[in-house]
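Undergrad: Need the 3D shape of this:
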Amino acid sequence: MSKIAKYNGGYCYLLTVVDAFSKQACVEPFKTKTGQALTEACGKILKQLFYDNCRNSRALIGLIGLILLSICGQT
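TA: A predicted model of the protein is given here:
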């Protein structure tokens, strides 16, 4: 994609996530392969997959929070 970045708004990378339980797929484009860009893309996908579909499920949102804290090493 980097060769055609000038044709698609400067986006060079695509983050693709498939939720096996709901069978939904999400793709989020980002311009640079940095930690901040990847974190922002993951946040957008998590919001799209989980928050929008399970807004009223506080247990699920709490579980996602615990998973993210454990990934970041802040248990």
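Undergrad: Helices of the protein, residue ranges please.
TA: Secondary structure of the chain by DSSP state H: the helices cover 35-46, 58-72.
Undergrad: Out of the ones you listed, point me to the one whose mean pLDDT is lowest.
TA: Of all these, the minimum mean pLDDT falls on helix 58-72 (a mean of 72).
Undergrad: Can you verify my assumption that Asp19 contacts Gln48?
TA: No. Asp19 is beyond contact range of Gln48, at 10.0 Å (criterion: C-beta atoms under 8 Å). The C-beta positions use only the backbone N, C-alpha and C, and glycine is treated the same way.
Undergrad: any common contacting residues for these two?
TA: When contacts are counted by C-beta atoms under 8 Å, 6 or more residues apart in numbering, the set common to Asp19 and Gln48 consists of Cys26.
Undergrad: who's in contact with stretch 30-37?
TA: Here stretch 30-37 has contacts from 5, 10-15, 38, 40-41, using C-beta under 8 Å, 6+ apart.
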